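# quick one, what's the 3D model for this:
(chains A, B, C and D)
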There are 4 protein chains.
Amino acid sequence: MAAIDLAALNQATPEQFHAALADVVEHAPWVADALLARRPFPSLRDMWSVLQRAVREAPHEHRLALVRGHPDLAGKPARAGQVTADSAAEQAGAGLDQLSARDFAEFHRLNDAYRARFGFPFVICVRRHGRESILAEFARRLGQEPEAELRMALDEVLRIAALRLDQRVTASDRLAVHGRLSTHVLDTRIGRPAAGVPVALVELWQGGERELARAMTNADGRTDRPLIADRPVSIARYELRFRLAAYFAGSGAPLAAPPFLDLVPIRFAVAEPEGNYHVPLLVTPWSYATYRGS
Amino acid sequence: MAAIDLAALNQATPEQFHAALADVVEHAPWVADALLARRPFPSLRDMWSVLQRAVREAPHEHRLALVRGHPDLAGKPARAGQVTADSAAEQAGAGLDQLSARDFAEFHRLNDAYRARFGFPFVICVRRHGRESILAEFARRLGQEPEAELRMALDEVLRIAALRLDQRVTASDRLAVHGRLSTHVLDTRIGRPAAGVPVALVELWQGGERELARAMTNADGRTDRPLIADRPVSIARYELRFRLAAYFAGSGAPLAAPPFLDLVPIRFAVAEPEGNYHVPLLVTPWSYATYRGS
Amino acid sequence: MAAIDLAALNQATPEQFHAALADVVEHAPWVADALLARRPFPSLRDMWSVLQRAVREAPHEHRLALVRGHPDLAGKPARAGQVTADSAAEQAGAGLDQLSARDFAEFHRLNDAYRARFGFPFVICVRRHGRESILAEFARRLGQEPEAELRMALDEVLRIAALRLDQRVTASDRLAVHGRLSTHVLDTRIGRPAAGVPVALVELWQGGERELARAMTNADGRTDRPLIADRPVSIARYELRFRLAAYFAGSGAPLAAPPFLDLVPIRFAVAEPEGNYHVPLLVTPWSYATYRGS
Amino acid sequence: MAAIDLAALNQATPEQFHAALADVVEHAPWVADALLARRPFPSLRDMWSVLQRAVREAPHEHRLALVRGHPDLAGKPARAGQVTADSAAEQAGAGLDQLSARDFAEFHRLNDAYRARFGFPFVICVRRHGRESILAEFARRLGQEPEAELRMALDEVLRIAALRLDQRVTASDRLAVHGRLSTHVLDTRIGRPAAGVPVALVELWQGGERELARAMTNADGRTDRPLIADRPVSIARYELRFRLAAYFAGSGAPLAAPPFLDLVPIRFAVAEPEGNYHVPLLVTPWSYATYRGS
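Predicted coordinates for the structure are as follows:
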């Protein structure tokens, strides 16, 4: 769905307004109604805080309906193409459309147990989680008290809505819903950025991995674009992989055969999806250092 | 075979002497004869240099016979148990007794090509090489001129002999045939050794890996014994794996959830089997550094 | 003297043009004449390359006169206020207005020796040098052949002119005559920028020092402005001084008494005045690292 | 005074025993008497624990007399040569024999204030402190309650005694009264120890400094002996100074002119005189790292 400008939204007819925001909060047109009554919005953050209050202060049945409007995670409707386009894209982004039969069965079992306990589906903002983290949250939240769990489900509904709103509406400000993962490579043997070093970013999980980005360092030792930007950095385990032997050979450094360092893996986990993760590599042919920088 | 002391060897009857050294240079009793004539040896290094000269200065047919006395690498006699105990143990140490059918066929093909070209088997001191390195050497040496290759084969025969001699004969000195691979973990957050950190050393090759050692750091942040010592460190790729999250949690460091660092892999290659590879880890919950130290 | 815009210069009357550029090349109005004839200039770099060629291709007497137009370094005219405002400011920037009697005598001696050998004064772009470097250049250049030395003097005349031109004329581009010296402090104990750390930048020379900048790190662990920017970073020795104990105490890190680290000095030399020197500090209460970064 | 063996002490006549230990606890022969009664001692630690208990359990007047037996720090008797040889050597070791007139006056003032408040001289084990630390302790202890301060003075008497006993008596064990300060230099550009690097260790204080040790790194990148060993490492501020430019030039590294790094100062403070301070330097021509290691 095309983005719409905040100024246009402020002027739109109720029908246009509803159409534009239809899926920000799934199956809950009363949220758009609440927003309509409060126009114009000077900023996206202002619109967002109105939406948030409207949801949190809605009557219990409304809030419950809101949670119930969400589809099961990795559920049969998702498989059968019966969920909103947003839901489908978000679940695919977390790799939930490619589960093995065993993982699919596990999700099915957890969904059933969760529904049986709470009477509503398990809602989680999947764009903020890798698959290990989704399963960990599933297990953790199954153990909560129903009232606390409804609040938590609503928090997730709002996180999903914030991401959709930020994506759908352009304005001079943005919501603080994005993180960033970047790197740079510095050759401390010569005190200069290392250019032309291949870098890959891989997400890891028990028993598998998938490559998320692949790039080459430029003259500044950075990648032209951050490895992850303009979206949350999922709570997950990652590995950055740098290939150094060809770079060092090309820079004239004397190397052992085979070279002491070639593929350098840096493994780390992300805990704040909206955080800024700068993970550089300071390297010589015989040493390296890394850290979470800024 | 039990070790024998140099002093005893200096006094031994010719029969005892031959028996003790029978397998130092496979199927070549004339080498032991050459040594017998030069007793007594004040040191093992002295004995070794006599042996070396005897071999290098032997007539061409003797040298050729010496190389021919060695079995094929990963060959059928090795599989059938028809090689000396030393050869069998050395080949097993490099994992050559556990090759897949495909790798076995590759070795078979290379052995045949090599024999066809040079008229003698491919000899290499397998204790100095991992399987990737053996294959790389095989390919490289197949391309050499026959005269150069005979010299190279003899170098390998002598390397094998040096390791066997050093193992068989105890003396106040030792031959410089061993390397060392060690680590230590320093917690730079508190300026103290990190005790109780699990460490594993793994050999890597295209498509596989095997664990070579597993240890826990002690109060000095070191392992009680070096991860590799008293033998050559094979030319190969390695990964050290440190598990840090439990250590940091136990030391009271505030951690993210999941922690930024847990399993830290350090991947490097060894090029000098007789070298000293000290590869430490300087670490905080948010950074680390490593280097080849001493 | 106020800056003038390139567009205005392109339109200026010859009198205005001469007035604006009078001191870019001291006492050499023929340079401005050469530029006048080539207007309009699309960019400052374009103007600069015309100026450069005009000077390099001028007849020998013109070039010699140009060099002769410069005052002695730290000479009596400078002391007596008889040099152009630009020269005075530049010499003061390098601390040459505050020489001890002994250093003043040394400059006097070198100036006389240089004039006696070459017949023109020693010209050097003092904004690119600290006082140790000026003396080293003086000694080195005294040993050159006259023809080579005239070329070198002219190079320095042009460097001085480039800096003055870049300062005097505003345009959409700038000349590549500036360097940059900056730092940042990262607390690798917690993986965050260290805010509120006092930093001082000091120039060092044999027997003395002077503070060039003093700042406090902000929430990004950086100083609000680079420590040096918009001017060359003089060829000189420097020391960055970070005060860490109060920062660490405030961040809740357990410290020894006295703390292992408090004032951390990082001493380095600059060799490229137009270079980018980013010299960060990665620090815990028990360790630190620094490097020339980018 | 020559050292004496524990076995000999166990057999010595009372006169010999008294003579040998006369100055371990200044002017308090009753301490030697207490030891005499408990011979033989299987180890030095055993002898030490008997001594310690004897002192701590002595009647109040004895303990007071023990403290009173110590001379003023940097006092007139010390200047006039009227203190025991041990006291004189210890005070000189801390540089107290070379105070400026102003510092001498300050010590005099503090001694008088202390005596006026507590009725006994200020006793401190000067071998465990630099001059800044002595003054800081002086100020701190002046503020204590008399009973607590007598205990503290006695602690210091015992620390002095332990160091003297360890020095005077040889045995198969030693008392844990010594610290250690050492370094090593690793060239991470080539993964090898940096040999031939000049290192100096300097003690710093407000307004002054003195060189404590000077050495050259050997083939292992270490100094042949630790910079401080077999004595406490005084509580003080230190600077290690490494000279690197000549080393790097000699090792063939391309360097800027002037080189980015030459004299590298590492400034730190010692808080545990009996601790092991290993402070290495990992360095390339463009970067370095240091830490408290082990």
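
# residues contacting residue A:198?
Residues in contact with residue A:198 (Cβ atoms under 8 Å, 6 or more residues apart in numbering or on different chains) are A:214, A:215, A:216, A:242, A:243. C-betas here are computed from N, CA, C, even on glycine.

# got a markdown table for the residues you listed, with secondary structure and pLDDT too?
What follows is those, written out as a markdown table (DSSP: H, G, I helix; E, B strand; the rest coil; pLDDT from 0 to 100):
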| residue | secondary structure | pLDDT |
| --- | --- | --- |
| A:214 | strand | 98 |
| A:215 | strand | 98 |
| A:216 | strand | 98 |
| A:242 | strand | 98 |
| A:243 | strand | 98 |
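
# out of those residues, which comes closest to chain D?
Set against chain D, the nearest of the contacts of residue A:198 by Cβ to the nearest Cβ is residue A:242 (16.9 Å).

# show me where the stretch 101-250 of chain A has strands.
A:169-170, A:179-182, A:185-187, A:192-193, A:198-205, A:208-216, A:228-231, A:236-243 (DSSP state E, counting those that start in this stretch).

# wait, which of those strands is closest to residue D:4?
With Cβ to Cβ as the measure, strand A:185-187 is the member of those nearest residue D:4 (59.7 Å).

# can you list contacts of that closest one?
Contacts to strand A:185-187, defined as Cβ under 8 Å, 6+ apart, come from residues A:192-194, A:197, A:199, A:217, A:221, A:242, A:247, A:251, A:280-284, C:291, C:293-294.

# what of stretch A:151-169?
Contacts for stretch A:151-169 (Cβ under 8 Å, 6+ apart): A:1, A:3-6, A:9, A:20-21, A:23-25, A:44, A:47-48, A:51-52, A:55-56, A:63, A:66-67, A:70, A:86, A:90, A:118, A:120, A:122-125, A:127-128, A:141, A:144, A:174-175, A:177-178, A:231-232.

# related to what we said a few turns ago, any idea which of the strands of the stretch 101-250 of chain A is most buried?
strand A:185-187 (a mean of 26; mean count of other Cβ atoms under 10 Å in any protein chain shown).

# can you list the strands that it pairs with?
According to DSSP bridges, strand A:185-187 forms sheet pairs with strand A:192-193 (antiparallel), strand A:281-284 (parallel).

# what's the average pLDDT for stretch A:259-269?
For stretch A:259-269, mean pLDDT is 98.

# ok, for residue A:259, nearest residue in space, not its chain neighbours?
Of all residues not flanking residue A:259 in the chain, residue A:245 sits nearest, at 4.6 Å (Cβ to Cβ, 6 or more residues apart in numbering or on different chains).

# return the residues in contact with that neighbour.
A:255, A:258, A:259, A:261, A:262.

# and of those residues, the nearest to chain D?
Set against chain D, the nearest of these by Cβ to the nearest Cβ is residue A:261 (9.5 Å).

# tell me how far the residue lying closest to that closest one once chain neighbours are set aside lies from residue B:275.
Computed as Cβ to Cβ, 6+ apart, the closest residue to residue A:261 that is not its neighbour in sequence is residue A:244, at 5.5 Å. According to Cβ to Cβ, to the nearest Å, residue A:244 and residue B:275 sit 20 Å apart.

# looking at those two, which is more packed in?
Neighbours were counted for residue A:244 and for residue B:275 using other Cβ atoms under 10 Å in any protein chain shown; residue A:244 has more, 25 against 18.

# phi first, then psi, for that one.
The phi/psi pair for residue A:244 (degrees, to the nearest 10) reads phi -110, psi -20.

# would you mind confirming that it makes contact with residue A:283?
Yes. Residue A:244 is in contact with residue A:283 according to Cβ atoms under 8 Å; the separation is 6.4 Å.

# nearest spatial neighbour of residue A:205, chain-adjacent residues omitted?
Nearest to residue A:205 is residue A:132, by Cβ to Cβ, 6+ apart, at 4.7 Å.

# columns mean pLDDT on top of the strands paired with strand A:185-187, output as a markdown table?
Below are the strands paired with strand A:185-187 laid out as a markdown table (pLDDT from 0 to 100):
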| stretch | mean pLDDT |
| --- | --- |
| strand A:192-193 | 96 |
| strand A:281-284 | 98 |
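
# could you export these as TSV, including distance to residue B:271?
Below are the strands paired with strand A:185-187 laid out as TSV (distance: least, Cβ to Cβ, whole Å):
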stretch	distance to residue B:271
strand A:192-193	26
strand A:281-284	16
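
# which one of these lies closest to residue A:112?
Nearest of the strands paired with strand A:185-187 (Cβ to Cβ): strand A:281-284, 45.3 Å.
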